[in-house]
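K.L.:
Turn this into a structure:
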Amino acid sequence: MTVTRPPMVVCLGLLFMLSGCSQEEAAPALPRVVVQQVKPTDFAARVTLTGDVQARVQTDLSFRVGGKIISRSVDVGDHVKANQVLARLDPKDLQNNVDSAKAEVFAEQARVTQTSAAFVRQQKLLPKGYTSQSEYDAAEAALRSSQSALKAAQAQLANANEQLSYTALVSEADGVITARQAEVGQVVQATMPIFSLAVDGDRDAVFNVYESLLVGGPSDEGVTVSLLDDPKIQAKGHVREITPTVSAQSGTVQIKVALRDVPAGMQLGSPVTAATNAQSRPSIELPWAALTKALHEPAVWVVGEGDKVELRKVQVGRYLTGKVVIAEGVKGGETVVVGGAQLLHPGMQVQKIDARDAGGAQ
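P.N.:
Numbers count the residues shown, from 1 in each chain. Here you go, the predicted model:
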């Protein structure tokens with residue numbers, strides 16, 4: 001007996017068979033990620049230094065003798081002229097030395113007068129035979145001795161007068177008093193600093209810089225120094241000195257920039273700034289979106305052979321606006337995922353879209 005199937009049943013069976021075949025043959029869709037090829041560059045961070053304006057020549061002024069300060073005629077910030085008297089010591093003791101030396105000179109002068117007259121008499125008596133040669137020689141020796149003693153007394157008087165002049169502290173040059181270390185009534189020793197003088201003339205901008213920020217040596221390029229309170233006030237200069245040792249207290253190196261044509265507003269002690277580049281290092285710049293985390297360390301997804309991804313730990317050298325600087329972890333020429341990395345896992349195969357074409361692909 002022949003059974004006849006309705007045409008609709010046959011069509012539905014064929015439809016289910018074709019649908020099953022298409023599901024078996026369709027390949028799984030690969031996740032699409034935005035990638036960027038790594039290009040290493042020499043990265044040098046822009047650093048702003050802060051310092052102050054100082055005189056090229058600075059000196060400490062001190063008395064050359066000890067004593068008690070009885071007067072002070074200048075203060076910090078005062079402008080002084082060369083040979084101007086800044087302070088005085090009590091001159092009593094040194095004046096006594098001068099008076100004593102004067103008395104000694106007068107006494108030796110009297111001895112010279114006396115021995116000179118005695119020698120003249122011996123000169124007149126010797127040819128006539130009224131005196132002996134030994135008495136003549138003794139008179140001559142006494143004269144020479146008294147003359148030598150007079151010269152010594154005169155030298156002692158000159159020295160006493162010079163010591164007395166040291167009771168006045170005078171400025172060695174035109175300049176500005178920047179510090180005061182003693183007060184009236186204080187007893188000071190010789191060579192103890194009393195004032196600090198910034199000599200008029202050349203000016204430097206002085207900065208304390210961490211050694212890691214220094215380039216190999218002074219640059220021939222000019223440096224622009226700006227006043228911190230008013231950046232419009234600027235002066236050009238060049239690095240003239242870098243201290244060869246690191247400060248034990250601050251761990252910094254001192255840099256002195258010689259300034260040219262210093263404007264009136266840039267006075268001694270004024271805080272100033274200067275911008276410069278730190279020492280350049282081979283680095284790789286990537287957008288923030290490329291950075292992820294491997295447990296507790298920063299990492300990026302690297303696309304390798306067969307378009308399979310690998311989670312690579314990296315060392316971040318610096319965080320910048322909109323991008324990060326990778327110091328270690330990836331090499332030039334490698335491909336890094338910069339977008340669409342949320343659902344990736346190691347070994348997953350992906351479909352790459354170049355970052356330059358990502359806008360059109362989206």
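K.L.:
Leaving out the residues flanking it, which one is nearest to residue 150?
P.N.:
Spatially, and ignoring its direct neighbours in sequence, residue 150 is nearest to residue 108 (3.9 Å; Cβ to Cβ, 6 or more residues apart in numbering). (C-beta placed from N, C-alpha, C; glycine too.)
K.L.:
now residue 67
P.N.:
Sequence neighbours aside, residue 89 is the residue nearest to residue 67 in space, at 3.6 Å (criterion: Cβ to Cβ, 6+ apart).
K.L.:
wait, isn't that neighbour in contact with residue 65?
P.N.:
Yes. Assessed by Cβ atoms under 8 Å, residue 89 is found in contact with residue 65 at 7.0 Å.
K.L.:
Helix, strand, or coil at the residue nearest to residue 150?
P.N.:
helix (DSSP: H, G, I helix; E, B strand; the rest coil).
K.L.:
Show the contacting residues for it.
P.N.:
The contact partners of residue 108, taken as Cβ atoms under 8 Å, 6 or more residues apart in numbering, are 146, 149-150, 152-154.
K.L.:
please redo it, this time with the cut-off set to 10 Å
P.N.:
Counting by Cβ atoms under 10 Å, 6 or more residues apart in numbering, residue 108 makes contact with 146-154, 156.
K.L.:
Could I get those in a markdown table, plus columns for distance to residue 224 and secondary structure?
P.N.:
Listed next are those as a markdown table, based on distance: Cβ to Cβ, whole Å; DSSP: H, G, I helix; E, B strand; the rest coil:
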| residue | distance to residue 224 | secondary structure |
| --- | --- | --- |
| 146 | 74 | helix |
| 147 | 70 | helix |
| 148 | 68 | helix |
| 149 | 69 | helix |
| 150 | 68 | helix |
| 151 | 64 | helix |
| 152 | 64 | helix |
| 153 | 65 | helix |
| 154 | 62 | helix |
| 156 | 60 | helix |
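K.L.:
Which among the residues you listed count as buried?
P.N.:
Buried by 16 or more other Cβ atoms under 10 Å: 146, 149-150, 153-154, 156, out of these.
K.L.:
Bridge partners for the residue nearest the centre of the chain, pull those for me.
P.N.:
Nearest residue to the geometric centre of the chain (Cα atoms, centre = their mean): residue 254, 2.3 Å. Taking DSSP bridges as the rule, residue 254 bridges to residue 208.
K.L.:
How about residue 323?
P.N.:
Residues in a beta bridge with residue 323, per DSSP bridges, are residue 287, residue 320.
K.L.:
quick one: it and residue 41, what's the gap?
P.N.:
Relative to residue 41, residue 323 is positioned 12 Å away (Cβ to Cβ, to the nearest Å).
K.L.:
now, among the contacts of residue 108, which is nearest to residue 73?
P.N.:
residue 156 (31.0 Å; Cβ to Cβ).
K.L.:
Ignoring the adjacent residues along the chain, who's closest to the closest one?
P.N.:
Counting by Cβ to Cβ, 6+ apart, residue 156 lies nearest to residue 101, which is 4.7 Å off, once chain neighbours are set aside.
K.L.:
distance of that neighbour from residue 150?
P.N.:
Distance from residue 101 to residue 150, counting by Cβ to Cβ: 12 Å.
K.L.:
what do you get for residue 96?
P.N.:
Residue 96 sits 21 Å away from residue 150, taking Cβ to Cβ as the criterion.
K.L.:
No more questions from me, cheers.
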